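S.K.: fold the following for me, if possible:
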Amino acid sequence: MTARTRLLNLLFIPLTVLSLNACSESAQANSANADALQQAINSEARSERNKARDEFRHPAETLAFFGVEPTSTVVEISPGGGWYTEILAPYLKDKGLLYAAHFPANSSSEYYQRSRQAFIDRVANDAAFNAVVVTEFAPMGDSVIAPPASADMVLTFRNLHNWYMGGGEEAVKNAFTQFYNALKPGGVLGVVDHRLPESRSDEDMASSGYMKESFAVAMAEAAGFELVESSAINSNPKDTADHPRGVWTLPPTLRLGDEEREKYTAIGESDRFTLKFIKPKS
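M.R.: Model prediction:
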């Protein structure tokens, strides 16, 4: 063995040790994050009614797929009553930051006003929510959902169809532009919505509550995002996306009431796409 070979071997050993240590530390961090996320999912801050829907919404797998960490700055779009907020708020409370981009305060909709006020009341009175920062979002508005280029992640769950039905392609484009502006370079946009089969007419997106995955990708890319990965986490092959009252025929809404209730309960909640985008660093 030459002197040069012995020297290279001596240099290789500490580099290997450093690499193994780094892998070990990363694995430990991932395990700790998973444990903290599960604790948030099991938290008493969550209602039993909401927990019962975990089998359809897969919060642990979904949030892990998007890469949410306890130190993340996250914007949750249109949190409504706070189904995902009940998980994100305690998970991010100590080391991260959660912006809840709720309905605008000046909305003319009584429903929006009631929903927003109920959420604000919970932020004021629920210890698990008291670190949440409430901002505003409207797909055609110009509200600041978070300071520009400040967020690690923007997450939207089952909202895309509402923007499209209310304002068409323009509303969706404007929404994605707002998300792009709020994210840091390298930040992640996570999108979940009800999936319309690609073979169906685009016109079916106007009233069914289902959206084509290809449409969501096209709108995000038009705003400057790059698709990183799609996941089948929230897929449901039992859902044909062809129901008398659209997606609301299925649980939890069950808009047909007792009519064929057993049939639609057996299908479960909708088939959904789960998409992860990134805002390019340059």
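S.K.: could you identify the helix or strand that succeeds the lowest-mean-pLDDT helix or strand in the chain?
M.R.: Ranked by mean pLDDT, DSSP states H and E, the weakest helix or strand in the chain is helix 3-41, scoring a mean of 71. Once helix 3-41 ends, the next helix or strand along the chain (criterion: DSSP states H and E) is helix 48-51.
S.K.: what is the rounded mean pLDDT of that next one?
M.R.: The average pLDDT within helix 48-51 is 93.
S.K.: can you pull the buried residues of that helix?
M.R.: Under the neighbour-count criterion of 16 or more other CB atoms under 10 Å, helix 48-51 has residue 50 buried. (C-beta placed from N, C-alpha, C; glycine too.)
S.K.: mind starting the numbering at 710 from now?
M.R.: Yep, numbering from 710; the last one is helix 757-760 now.
S.K.: so what touches it?
M.R.: Contact partners of helix 757-760, identified using CB atoms under 8 Å, 6 or more residues apart in numbering, comprise 750, 792, 795.
S.K.: tell me which of those residues is nearest to residue 819?
M.R.: residue 792 (21.5 Å; CB to CB).
S.K.: and the closest residue to the closest one other than its chain neighbours, how far from residue 805?
M.R.: Spatial nearest neighbour of residue 792, chain neighbours left out: residue 759 (5.4 Å); criterion: CB to CB, 6 or more residues apart in numbering. Distance, residue 759 to residue 805, using CB to CB, to the nearest Å: 21 Å.
S.K.: equivalent analysis for residue 945, please.
M.R.: Taken as CB to CB, the span from residue 945 to residue 805 is 30 Å.
S.K.: likewise for residue 823?
M.R.: Counting by CB to CB, the gap from residue 823 to residue 805 is 29 Å.
S.K.: so which residues of the stretch 810-959 of the chain form helices?
M.R.: All helices of the stretch 810-959 of the chain, identified by DSSP state H, counting those that start in this stretch, fall at 819-834, 869-891, 922-931.
S.K.: wait, residue 863 sits on residue 890?
M.R.: No. Residue 863 is beyond contact range of residue 890, at 9.9 Å (criterion: CB atoms under 8 Å).
S.K.: circling back: measure the residue nearest to residue 792 to residue 891 for me?
M.R.: Separation of residue 759 from residue 891 (CB to CB) stands at 26 Å.
S.K.: what does residue 962 give?
M.R.: In terms of CB to CB, residue 962 sits 30 Å off from residue 891.
S.K.: can you check residue 941 too?
M.R.: Distance, residue 941 to residue 891, by CB to CB: 28 Å.
S.K.: quick one on the thing from earlier: closest one to residue 974 among the helices of the stretch 810-959 of the chain?
M.R.: Comparing the helices of the stretch 810-959 of the chain under CB to CB, the one sitting nearest is helix 869-891, at 21.7 Å.
S.K.: list the buried ones in that closest one?
M.R.: For helix 869-891, burial by neighbour count (16+ other CB under 10 Å) applies to 869-870, 872-874, 876, 880-885, 887-891.
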